[in-house]
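>>> Sequence first, then the predicted structure, then my questions.
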Amino acid sequence: NKQKETLLITGGAGFIGSNFITYLMKKYPNRQILNIDKLTYAGKTDNLTEVENLENYHFIHGDIADDNLVNQLFQEHDITGIINFAAESHVDRSINDAKAFVQSNVLGTMILLQAARFDWEKKGELTTRRFHQISTDEVYGSLDNEGVFSEETPYDPRNPYSASKASANLLVKSFGYTYGMNIVISSSSNNYGPKQHEEKLIPTIISNALAGKPIPIYGDGKNIRDWLYVDDHCRAIDLIYHYGQTHAMYNVGGNNEKTNIEIATQVCEILDELAYNIKSVLSIDSFKDLITFTDDRKGHDRRYAVDATKLTNELGWKPTEDFTEGLRKTVEGYVQKWQQTSLTR
Ligand code: NAD
């Protein structure tokens, strides 16, 4: 009975989690949603204004690595599924200090798994209720110019963030093997879209450009990422959570490989049209003039590219957002927000 389902979403005040909750509550208006989020620097309840007043949406300000709190959640609610987005997510921060990454991404995942295992075992629901882990293509390491990551590519994480995400996946898999828990893992490429934290590439390009500050691009700018519009990712998660095979891994990719310098150039070209008034105040011909190459990130992975054929073949998913349009929409949204906040400054 779908009406009785209570889905626990973790990290739902962050970028992808908040887009997912908003998407899900529109699509399944009767579903009970519990969102537990620690509200780290990356989490914002403002990301959830579209759902916060719905009576089937419940927010819990808390840490997934707090086992008393997580166990209490299972006692107070009949949780019928979990989608675990909660994580420290910024590679640069993990290079400065990896501790919070192990705490939230590894320990936090284990505490959720364990609480779910105890509760669902007791209720005889271990193989029916689902634990869905949100993962990243970064667990596979780095590619040269050739090839793509498949679900069989061995894990080879190169920075503390991706190592913590790979570790979490291994724990999730182990709970599948050891206890027969109904787990599924989806590993997606770089997301873009509304509500992303300012520290990530596209929002940084926009906010620095509009403030007339240098736009920092690592190394030679030729590192390649595969970009996926966040709504396409949300649709993939919905399909995988509901219909993905038990114990399976699914890659989710946008089929959209771009170098960082291509992204910066394209964003600046859009800004040249949308924010020409700011451009003239700054007395520059183009926001591209602000692009500045900086020392490369330590251990900077060269290229990520994922093969999402399995997801397409099994569940009929394909990315639908055209990159040029998706990027324009995204930039427009951030410019509007920037203008609103600069009016109230
Ligand atoms: P984000 O940093 O925007 O959001 C993370 C959210 O988790 C924040 O709201 C934060 O407050 C919360 N959080 C962190 N630690 C917590 C804890 N211990 N307990 C409870 N809440 C906690 O990240 P995002 O970009 O939305 O990423 C969400 C998930 O998707 C992460 O697991 C990330 O590894 C994965 N992912 C992200 C991308 C991407 O391009 N952004 C790509 C692939 C996978």
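Yep, it's here.

>>> Which single residue of the chain ends up nearest the ligand?
Distances between the chain and the ligand by Cβ to the nearest ligand atom are smallest at residue 14, namely 1.9 Å. Backbone N, C-alpha and C define where each C-beta goes, glycine included.

>>> what does this protein have sitting close to the ligand?
Neighbours of the ligand within the chain, by Cβ under 6 Å from any ligand atom: 10-11, 13-17, 36-40, 42-43, 63-65, 85-89, 104, 108, 134, 136, 165, 188, 190-191, 197.

>>> Look at residue 145 and report its pLDDT.
As predicted, residue 145 sits at a pLDDT of 83.

>>> How many residues are close by residue 206?
A total of 26 residues lie near residue 206 under the criterion other Cβ atoms under 10 Å.

>>> In this structure it contacts residue 331, no?
Yes: if you go by Cβ atoms under 8 Å, residue 206 and residue 331 touch, sitting 6.2 Å apart.

>>> so what sits against both of those two?
Both residue 206 and residue 331 are contacted by 267, 271, under the criterion Cβ atoms under 8 Å, 6 or more residues apart in numbering.

>>> Assign residue 132 to helix, strand or coil.
strand (DSSP: H, G, I helix; E, B strand; the rest coil).

>>> quick one, what contacts it?
Residue 132 neighbours (Cβ under 8 Å, 6+ apart): 81, 82, 83, 84, 183, 184, 185, 186, 237, 240, 241, 244.

>>> Look up the closest residue to residue 102, ignoring the ones flanking it.
Nearest residue to residue 102 in three dimensions, chain neighbours excluded: residue 164, at 5.6 Å (Cβ to Cβ, 6 or more residues apart in numbering).

>>> Name all residues that make contact with the one you found.
87, 88, 94, 98, 101, 102, 105, 106.

>>> Neighbours of the fifth one, how many?
What that stands for is residue 101. Residue 101: 25 surrounding residues under other Cβ under 10 Å.

>>> Give the helix, strand or coil label for it.
State at residue 101, reduced to three classes by three-state DSSP: helix.

>>> Just the buried subset of the residues of the chain next to the ligand, please.
Buried members of these, scored by 16 or more other Cβ atoms under 10 Å, are 10-11, 13-17, 36-38, 40, 42-43, 63-65, 85-89, 104, 108, 134, 136, 165, 188, 190-191, 197.

>>> Mind checking which of those residues land in helices?
With helices defined by DSSP state H, the entries of these inside them are 15, 16, 17, 108, 165.

>>> can you give me the strands for the chain?
Secondary structure of the chain (DSSP state E): strands located at 6-10, 32-37, 57-61, 81-84, 130-136, 182-188, 190-192, 215-218, 224-229, 249-252, 257-259, 291-294.

>>> Can you check what pLDDT the model gives the residue in the chain sticking out farthest from the centre?
Farthest-out residue of the chain from its mean C-alpha position, per Cα atoms, centre = their mean: residue 283, at 36.5 Å. For residue 283, the model assigns a pLDDT of 94.

>>> try residue 78
97.

>>> Also the one 10 residues further on?
According to the model's per-residue confidence, residue 88 sits at a pLDDT of 98.

>>> Residue 344 now?
68.

>>> same question, residue 1
You'll see residue 1 listed with a pLDDT of 42.

>>> give me the low-pLDDT residue ranges for this structure?
Low-confidence segments of the chain (pLDDT under 70): 1-3, 343-345.

>>> How about residues contacting the longest helix anywhere in it?
Across the chain, the helix with the greatest residue count (assigned by DSSP H) is helix 323-344. Here helix 323-344 makes contact (Cβ under 8 Å, 6+ apart) with 192-194, 202-203, 206-207, 210, 227, 229, 254, 256, 258, 266-267, 270-271, 274-275.

>>> and if we set it to 6 Å?
If you take Cβ atoms under 6 Å, 6 or more residues apart in numbering as the criterion, helix 323-344 is touched by 192, 193, 194, 206, 210, 229, 256, 267, 270, 274, 275.

>>> try stretch 33-52
Contacts of stretch 33-52 (Cβ under 6 Å, 6+ apart): 7-14, 18, 21-22, 25, 57-63, 195, 197.

>>> Just the buried residues of those.
7-14, 18, 21-22, 25, 57, 59-60, 62-63, 195, 197.

>>> And for residue 211, the neighbour number?
So residue 211, with other Cβ under 10 Å, has 13 neighbours.

>>> contacting residues for the closest residue to residue 20 other than its chain neighbours?
Nearest residue to residue 20, sequence neighbours excluded (Cβ to Cβ, 6+ apart): residue 234, at 4.8 Å. In this structure, residue 234 makes contact with 19, 20, 23, judged by Cβ under 6 Å, 6+ apart.

>>> Contact partners for the last one?
In this case it means residue 23. Contacts of residue 23 (Cβ under 6 Å, 6+ apart): residue 234.
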